[in-house]
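Enquirer: sequence? don't have it. structure:
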């Protein structure tokens, strides 16, 4: 099943848990060191930036290697066929197994890149296999990619592969349902709701089970994806767009319109409510994100307020809500706190927040851009991309 | 999870004292990031909305009310910040509470909107556009240092670039920049060198040392991009060798600093930018081989990338060990 050493994976989880305790001061350094020695992890896992660098460089190596190989066989009819794609995908996969099995790479950037490229080559291969003169048969393509990515996900517990696997499966259901069932197009929202709802509950349950501990990150991503799809399947805008595709008179009202409007506006709050009750980060954050989607959907159909007023009132409202929550949680209540969590994440290393602030607010005052663009050294400034006056 | 600690305790890996501490560990659910995101979104929406509102209503009587409202927000925010902030220090100062950072941000942006409006409507700075961007920039730098706010420091740096007539934020840098003019390339180079100098100055004078990252982050990207652009701009003249030389000298300088300050991020940037430079030289050389470039170039890229992978793994080990 999983390619990585299971004992090491378990030890890695244990060390991660205890590292938090060490940071919080529950255990001291000596204790942590003793535990780390008793439960060792032999993986090669460099830091985030090394991982990014190794990922980029491995992609360079593989793409030029594959390119060179293809070049040698360019004269023959062999290259640019699906078989050639499978062949190169297989080569990459062998390299991946080698890096993981003998070199013990685990999320090092190298195994990530090899897995990514291998998956990509197989996906391209399947698309070429199941297409005929630019006519792609989506159903077998989606099915084959799903089965392959499922294998990759089970073997390497990789979040990206799992996400691709989910999308391929959803695409398979979509094309299977709409192409083979009469009234398929009219009932597809309900089919997608059913499928994603069931799969979400399964991932939610499995995520909590000990025997699937190695796949926790996979179940996190499946939960997010199926929650999003569950919402989008019943979102008014999405349903309307889909029904326009088949309807003879686009833009008309859709059947069960009221149901879809309720789904669009209420479901995000249901997510948030359950997220708070279950203390589930995934539900809570997905719900908050989807509230934005609900607002945008609403504004697409009903222009209640002009944009500027809506933004101003919305901003003030959000600040008010945030203030109220902070006031309420001044002392932790019902197991909630707004104090900073103890585990440092990668965002702190890059100071991501400050970079985002600069990106969004650098030219804050939305003034008409001045038309005389003037470049040059310090004395004449202005112009350019600014819009300050 | 309790099982885990019981096991570790019975194995003697956790002392009784620590075990007792862990048992009393409060199990709290933190909504810290959710609150921060809400505050950020609120500030973003409010300031954008107000910004548009002012200019949309510029011909009506209502716009003065809106302007007064913006001024009120601005003074209110700054008054709150001056009242609650912790005393200034040359080291890192913690913000007194979570909301503080966002109140300050709101104050700064409404200030920018206000100044922008004054210039637009009353031409306070006349046609002296340099001054119109210089003053907000100075205010931003002052606020960033006085209240110790990284986000506003980044805004100030972005405004410094705007004042010089260029842009540093990644989106603008990639989409809007055109590197075909000598003035732009040299402006970027001057800006990059200034930022790098600023980065080392913070460390050398031990004045707000934690600001170094922001200066260096923008400095490294801008300098390398300007140097590479310079090289390609003068591709056909012998002057291009000079740009390459300066690039490698800069790379060496930043490399040494990155190793010294144990920062793998800057190490990676130096390696990748230098790799682009070396590769452009290699491609130029292999083009001399005529048709041979089709095999030479892939072999070069494979070999060099494998070499760099080994280098990265070694450097990573070295930094971790120290």
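Expert: All right, it came through fine. These numbers come from a predicted model, not from an experiment.
Enquirer: could I get the contacting residues of residue B:276?
Expert: Counting by C-beta atoms under 8 Å, 6 or more residues apart in numbering or on different chains, residue B:276 touches residue B:228. Every residue, glycine included, has its C-beta placed from N, CA and C.
Enquirer: what pLDDT is listed against it?
Expert: At residue B:276, the pLDDT value in this model is 93.
Enquirer: which element is it on?
Expert: Element membership for residue B:276, per DSSP states H and E: helix B:264-287.
Enquirer: for whichever helix or strand comes after that helix, buried residues please.
Expert: Using DSSP H and E, the helix or strand that follows helix B:264-287 in sequence is helix B:293-321. Applying a neighbour-count criterion of 16 or more other C-beta atoms under 10 Å in any protein chain shown, one finds B:296-298, B:300-302, B:304-305, B:308-309, B:312-313, B:315-316, B:319 buried in helix B:293-321.
Enquirer: same question, stretch A:303-322
Expert: Buried-residue list, stretch A:303-322, by 16+ other C-beta under 10 Å: A:308, A:310, A:311, A:312, A:314, A:315, A:316, A:318, A:319, A:322.
Enquirer: now swap in stretch A:141-157 and tell me
Expert: A:141-146, A:148-150, A:152-157.
Enquirer: enumerate the residues of the stretch 151-300 of chain B near chain A.
Expert: The stretch 151-300 of chain B comes close to chain A at residues B:151-155, B:157-159, B:162-167, B:169-172, B:176, B:181, B:183-184, B:187, B:190, B:213-214, B:217, B:264-265, B:267-268, B:271-272, B:294-295, B:297-299, as judged by C-beta under 8 Å from any C-beta of the partner chain.
Enquirer: which of those residues count as buried?
Expert: The buried subset of these (16+ other C-beta under 10 Å) comprises B:151-155, B:157-159, B:162-167, B:169, B:172, B:184, B:187, B:190, B:213-214, B:217, B:264-265, B:267-268, B:271-272, B:297-298.
Enquirer: per-domain residue ranges of chain A.
Expert: Following the assignment in automatic domain parsing, chain A carries domains at A:310-344, A:351-389.
Enquirer: I'd like to know which of these has the weakest mean confidence.
Expert: Taking the mean pLDDT of the domains of chain A, domain A:351-389 comes last: a mean of 45.
Enquirer: rewinding a little: from the buried ones among the residues of the stretch 151-300 of chain B next to chain A, which ones fall inside helices?
Expert: B:151-155, B:157-159, B:162-164, B:172, B:184, B:187, B:190, B:213-214, B:217, B:264-265, B:267-268, B:271-272, B:297-298 (DSSP state H).
Enquirer: distance check, whatever residue of the stretch 101-250 of chain A ends up closest to chain B against residue B:310.
Expert: Proximity to chain B, evaluated over the stretch 101-250 of chain A using C-beta to the nearest C-beta, is greatest for residue A:110 at 7.1 Å. In this view, residue A:110 and residue B:310 are 11 Å apart by C-beta to C-beta, to the nearest Å.
Enquirer: let me see the contact set for residue 147.
Expert: In the absence of a named chain, chain A is used. Counting by C-beta under 8 Å, 6+ apart, there are no residues that residue A:147 touches.
Enquirer: I was after chain B.
Expert: Counted by C-beta under 8 Å, 6+ apart, residue B:147 has contacts B:81, B:85, B:93, B:95, B:104.
Enquirer: now, which of the buried residues of stretch A:141-157 sits nearest residue A:246?
Expert: residue A:142 (20.0 Å; C-beta to C-beta).
Enquirer: thought that closest one was touching residue A:165?
Expert: No: using C-beta atoms under 8 Å, residue A:142 is not in contact with residue A:165, being 10.8 Å away.
Enquirer: contacting residues for the closest residue to residue A:304 other than its chain neighbours?
Expert: Distances taken as C-beta to C-beta, 6 or more residues apart in numbering or on different chains put residue A:310 closest to residue A:304, at 7.5 Å, once the chain neighbours are dropped. Residue A:310 makes contact with A:299, A:304, B:49 under the criterion C-beta under 8 Å, 6+ apart.
Enquirer: kindly report the same for residue A:67.
Expert: residue B:298.
Enquirer: host element of it?
Expert: helix A:48-72.
Enquirer: could you give the angle of that helix to helix B:293-321?
Expert: 160 degrees (axes from the mean of the first three to the mean of the last three C-alpha atoms, to 10 degrees).
Enquirer: what's around residue A:199, how many residues?
Expert: Number of residues near residue A:199 (other C-beta atoms under 10 Å in any protein chain shown) recorded here: 20.
Enquirer: which residues does residue 214 contact?
Expert: Since you didn't name a chain, this refers to chain A. Residues in contact with residue A:214 (C-beta under 8 Å, 6+ apart) are A:2, A:4, A:6, A:9, A:157.
Enquirer: chain B is the one I meant
Expert: With C-beta under 8 Å, 6+ apart, residue B:214 has these contacts: A:351, A:354, B:150, B:153, B:154, B:157.
Enquirer: in JSON lines, list those along with distance to residue A:200.
Expert: Shown next, in JSON lines, are the contacts of residue B:214 (distance: C-beta to C-beta, whole Å):
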{"residue": "A:351", "distance to residue A:200": "34"}
{"residue": "A:354", "distance to residue A:200": "35"}
{"residue": "B:150", "distance to residue A:200": "38"}
{"residue": "B:153", "distance to residue A:200": "42"}
{"residue": "B:154", "distance to residue A:200": "38"}
{"residue": "B:157", "distance to residue A:200": "43"}
